[in-house]
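Peer 1: Sharing a model prediction with you, sequence too.
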Amino acid sequence: MTAAMDISVTKTGRSRLPELDMNNLPFGKNFTDHMLVADYENGEWKNAAIVPYQPLQLSPSLAALHYGQAIFEGIKAYKDREGHPFIFRPYDNFKRFNISAERMQMPAVPEEIFMDGMRQLIALDQAWIPMKEDYSLYIRPFMFSTDELIGVRPSDTYKFMIILSPCGPYYAEPMRIFVEEHYVRAVPGGVGYAKAAGNYGAAMLATAEAKKKGYDQVLWMDAIEHRYVQECGTMNVFFIIGNTAITPGLEQGTILEGVTRMSVISMLKEMGVKVEERDLSIDEIVAAYNAGEHMEVFGTGTAATISPIKELGYKDLSMKFDLSKWKIAPAVKKTITDIREGRIPDTHGWMYAV
Ligand code: COI
């Protein structure tokens, strides 16, 4: 435990909550009444404050806008059956945030701002946490450089913020995924493991082209041989072939170390499923498909939770999976949802009480 930092609180005079339809929440479009802001200046964090959600006033020369020193996280809060608020594994996101900060030459955000600020903000806006199945309060911590300078160097000043968005599912339907062989997401030695804003902007052209072909997202291949599976759109990816779950390993630093990914690995092992974190080539996937092996394919992520993939398009081949035969992915999805929504005990200590 770290010493508490004084976080000032200014409450809104009028809540917008009564205007919200809590049964119909598209992902990422609605924001709660308050947000957290803190500034980094002269080598220290200061001005930590919870204030009404409002626009920022920024200089056109703001460093983040020009060179992309910007990182973020995605976390979710839920309520248990009695209506008590909980956050899913926030310390893991906190750790990853500061790993991203280091990669982007940004200052670490201290626990007393990231964690205590998040807890206080959610406590204040807890009425915004939906209780409908598959709904949650999406938490978006982020940091960006704020020097007013168009020279290329790490900024001396930064802003850290947390905003909250009550939301329904990110991908509501099973997905059709295009195996991307031309564009790449990350290279060894690059920033693939960091949750850097630019990673997402850089993915948009490939995603747009896949969408034009009728797919929802891309499955990225490695940048060297364009053969080994990396991750999928905004999610890590798992392939169940027979009774073995395979997901790409983290050694190359090209994929994001997903918190949902690590939770799913633990749950699969507890279910008696063998888990392999290793290179998986598209040829191995095609061979298993053509051999008629039992296959379940799904993405994992904070926003995506567990998203089934019903089709993989690779060159001229369309690999279609019969979701009605799946046992493992639905069981994992049910278990993680039940833990998050408080229907079964949290034996892992994943739920952090607000
Ligand atoms: C998340 O899963 O939290 C993400 O950050 C993915 C996306 C919404 C950018």
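Peer 2: Yep, it's here.
Peer 1: Quick check, the residue in the stretch 101-250 of the chain closest to the ligand?
Peer 2: residue 234 (3.8 Å; Cβ to the nearest ligand atom). For glycine as for every other residue, the C-beta is placed from the backbone atoms N, C-alpha and C.
Peer 1: correct me, but residue 154 touches residue 105?
Peer 2: Yes: using Cβ atoms under 8 Å, residue 154 is in contact with residue 105, at 4.1 Å.
Peer 1: and the residue of the stretch 101-250 of the chain closest to the ligand, what does it touch?
Peer 2: Counting by Cβ atoms under 8 Å, 6 or more residues apart in numbering, residue 234 makes contact with 170, 200, 217, 299, 301, 303-304.
Peer 1: go again using 7 Å as the cut-off
Peer 2: Counting by Cβ atoms under 7 Å, 6 or more residues apart in numbering, residue 234 touches 301, 303-304.
Peer 1: And for residue 338?
Peer 2: residue 344.
Peer 1: Would it be right to say that it lies in a helix?
Peer 2: Yes: per DSSP: H, G, I helix; E, B strand; the rest coil, residue 338 lies within a helix segment.
Peer 1: distance of it from residue 347?
Peer 2: 12 Å (Cβ to Cβ, to the nearest Å).
Peer 1: Can you give me the neighbour number for residue 331?
Peer 2: 14 (other Cβ atoms under 10 Å).
Peer 1: Could you report the separation of it from residue 149?
Peer 2: 53 Å.
Peer 1: what's the answer for residue 197, then?
Peer 2: For residue 197, the distance to residue 149 - Cβ to Cβ - is 19 Å.
Peer 1: Let me see the contact set for residue 10.
Peer 2: 49, 51-52.
Peer 1: Check the residues you listed for burial and list the buried ones.
Peer 2: Among these, those classed as buried by 16 or more other Cβ atoms under 10 Å are residue 49.
Peer 1: out of the contacts of residue 10, which are inside strands?
Peer 2: 49, 51-52 (DSSP state E).
Peer 1: burial of the residue of the stretch 51-200 of the chain found nearest the ligand, as a residue count?
Peer 2: In the stretch 51-200 of the chain, the residue that lies nearest the ligand is residue 74 (1.9 Å; Cβ to the nearest ligand atom). Neighbourhood size, residue 74 [other Cβ under 10 Å]: 21.
Peer 1: For it, which residues are in contact?
Peer 2: By Cβ under 7 Å, 6+ apart, residue 74 lies in contact with 138, 140, 302-303.
Peer 1: Could you rerun that using 8 Å?
Peer 2: 93, 138-140, 195, 301-303.
Peer 1: With neighbour count added, can I get those residues in JSON lines?
Peer 2: Formatted as JSON lines, the contacts of residue 74 follow (neighbours: other Cβ atoms under 10 Å):
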{"residue": "93", "neighbour count": "23"}
{"residue": "138", "neighbour count": "22"}
{"residue": "139", "neighbour count": "23"}
{"residue": "140", "neighbour count": "18"}
{"residue": "195", "neighbour count": "24"}
{"residue": "301", "neighbour count": "23"}
{"residue": "302", "neighbour count": "22"}
{"residue": "303", "neighbour count": "19"}
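Peer 1: ok, of those residues, which one's closest to residue 22?
Peer 2: For the contacts of residue 74, the closest approach to residue 22 (Cβ to Cβ) belongs to residue 138, at 14.0 Å.
Peer 1: Alright, that wraps it up for me.
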